[in-house]
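A.B. asks: Mind folding the following:
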Amino acid sequence: MPNISLAPAIAFSILIWPMTSRADGSTPFPLWKPGVPLAAAENLPDLSDVDFHVIKKWDKKSDGYTFLHGVGLTHHRGKLYASFGHNKGSENTVTEEAQYRVSGDGGKTWGSLKVLDAGDEADLAISHGVFLSNEGALWAFHGAYHGKMTRVHTRAYRLDEKTGKWEKHGVIVGDGFWPMNQPVRMADGNWIMPGFAAAPYSSKGVFPAAVAISHGNDLTKWELVTIPVANAIKRMWGESAVFVDGKTIYNIARYGGSAVALVAKSEDYGRSWSSSSASNLPMTPSKPAAGILSTGHRYLVCTTAKDNGGKRTPLTIALSEPNENRFSKVFVIRRSRQDENLGESADSLSLSYPYAVEHEGKLYVGYSNNGGRRGNLNSAELAVIPIKSLVPTE
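C.D. replies: Numbers count the residues shown, from 1 in each chain. Model (predicted):
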C-alpha cells in the first residue's frame, strides 16, 4: 500500500465526470478516466512521506526582491540546480533577472544566490526558464522580453564547467515563445520543449500553447510550433507541459476561461496538433508540470480537485495507471497549512507554477509559495517525493 494518509471513505465528496456534450456540441477530452470519482480538496489523500525544503525564502527586507516565480530544476554532475525569475520591481518589468542556486545535498541546503543573466541591453529583461542536462553539458533556456512583456522570446545558455560562467547563445526561439517545462527527448531523436506564445497580458486575449522542437542534439537550433485553439476558447494563457508516448505527444495547458485543463494531441512528434480544447479534468488556471515516471505512470502537478475553482491550493499530483494516457488518481503534495514542515504556512496560500524532475527514485517538485501575500511575492520551495510513495510495488 502507498505510504499515504487517507480520509475515511464515508467522508468523501465525490464527482464522477460524465462524458456529456457541451453547449457547442463538442465532448470534453477524456484526460480524466471516465467513471472514476474525484474528491473535493479537503478529502483528497495526502502523501505523508514527503520532504520539504526552501530554495529561496521571500525576504524583501534583507535583499530587496519582491517578485519571484517559475522554479526550474535539474540534477547535473551530482548537484541540484534551481532557477527562477527574480525582480526588485514589479512582475514582468524590465528589472527582471534569471537567477539560480545550487545544492550539493539534494535540496536541504543551498549555495549563494547567483545571476544567470540580468540582460545586457537597457530594455532587456531575462526571466524564469528551464534546464537540460545532456551529454555532460548543462543548458538553460529562459524566457526574455523587452520593456514590459514586448517582443517575448527564448534565449539559450550553456554552463562553462571550468569558469562557472554561463555562455550566452542568444535568441533561439522568437515569436513570443516562453518555455515552461524542460525539454523531453522524443523517439525521432529531437527534443520537444513545451511553453506558450506570450505577449503583454490581456484578460480577454488568447495566448496559445506552443512547443519548440530541436534539430537533434543541436540545442541552439529550434523550430516553433504554435498549437491551434478550439473556436470555443475565447480566453487563454497557454502555459503548457507535455508527456511523450512514442510519436504521440499530449500537451496540457492552462485555461483562462475555466478551471479545467486544456488538451491538444499530436501524432507526428509535435509537428501538427489537434486544437487545444477543454478536457474533463479540473485544473486551476496555473502553469502545470507533467511527464512520465520511470514506472510508466503519467503525472500532472498543479491543483486538481472537485469544485475547487481557481484556488491554487492544495498542490496536487494526478497519476495514471502504467502506460495509460488518462489520469485516475489524485494525491495532495502539500496544503496551505503545514506548520510542522519547512516552508511558509498560512490559512490560504497560492502554491503554483510547479516544475518536476525524477532522479534516483524520487520526484523533485519545485513550486512558488506566496506566503499568503497578494501577487507573486513568492518563496521558492521544494518537495521531494519517493516514487514508491506514489506508485508502490507489491
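A.B. asks: Could I get the full set of helices for this structure?
C.D. replies: Secondary structure of the chain (DSSP state H): helices at 60-63, 387-390.
A.B. asks: which residue ranges form the strands in the stretch 51-200 of the chain?
C.D. replies: With strands called from DSSP state E, counting those that start in this stretch, the stretch 51-200 of the chain shows them at 51-56, 67-76, 79-87, 97-103, 114-117, 124-134, 137-146, 150-159, 166-173, 177-179, 184-185, 191-197.
A.B. asks: Nearest to K362, out of these?
C.D. replies: Among these, the nearest to K362 by CB to CB is strand 51-56 (8.8 Å). For every residue, glycine as well, the C-beta is placed using N, CA and C.
A.B. asks: elements contacting the closest one?
C.D. replies: Taking 3 or more CB pairs under 8 Å, 6 or more residues apart in numbering; DSSP states H and E as the contact definition, the neighbouring helices and strands of strand 51-56 are strand 79-87, strand 379-386.
A.B. asks: okay, the helices of the chain, which one's buried deepest?
C.D. replies: Highest mean neighbour count of these: helix 387-390, a mean of 18 (counted as mean count of other CB atoms under 10 Å).
A.B. asks: could I get it in PDB with only the CA atoms?
C.D. replies: Provided in PDB are the C-alpha atoms of helix 387-390 (Å, rounded to 0.1, in the frame of the first residue of the first chain):
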ATOM      1  CA  ILE A 387       8.500   7.300  -6.300                       C
ATOM      2  CA  LYS A 388       7.400   4.200  -4.100                       C
ATOM      3  CA  SER A 389       5.100   6.500  -2.200                       C
ATOM      4  CA  LEU A 390       3.300   7.500  -5.500                       C
END
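A.B. asks: What are the contacting residues of it?
C.D. replies: 2-4, 47-50, 293-295, 297, 299, 317, 319, 331, 358, 361-363 (CB atoms under 8 Å, 6 or more residues apart in numbering).
A.B. asks: of these, buried ones?
C.D. replies: 2, 4, 47, 50, 293, 297, 299, 317, 319, 331, 358, 362-363 (16 or more other CB atoms under 10 Å).
A.B. asks: pLDDT at the residue positioned nearest the centre of the chain, what is it?
C.D. replies: By CA atoms, centre = their mean, the chain has its centre lying nearest to A289, at 3.4 Å. Each residue has a pLDDT score; the one for A289 is 98.
A.B. asks: same check, this time on L15
C.D. replies: The model's pLDDT for L15 equals 43.
A.B. asks: Equivalent analysis for D268, please.
C.D. replies: So D268 comes in at 98 (pLDDT).
A.B. asks: nearest residue to it other than its sequence neighbours?
C.D. replies: Spatial nearest neighbour of D268, chain neighbours left out: K247 (6.1 Å); criterion: CB to CB, 6 or more residues apart in numbering.
A.B. asks: Hmm, that neighbour is touching I192, no?
C.D. replies: No - applying CB atoms under 8 Å as the test, K247 and I192 come out as separate, 11.2 Å apart.
A.B. asks: out of the two, which sits in the busier spot?
C.D. replies: Neighbours were counted for K247 and for I192 using other CB atoms under 10 Å; I192 has more, 23 against 14.
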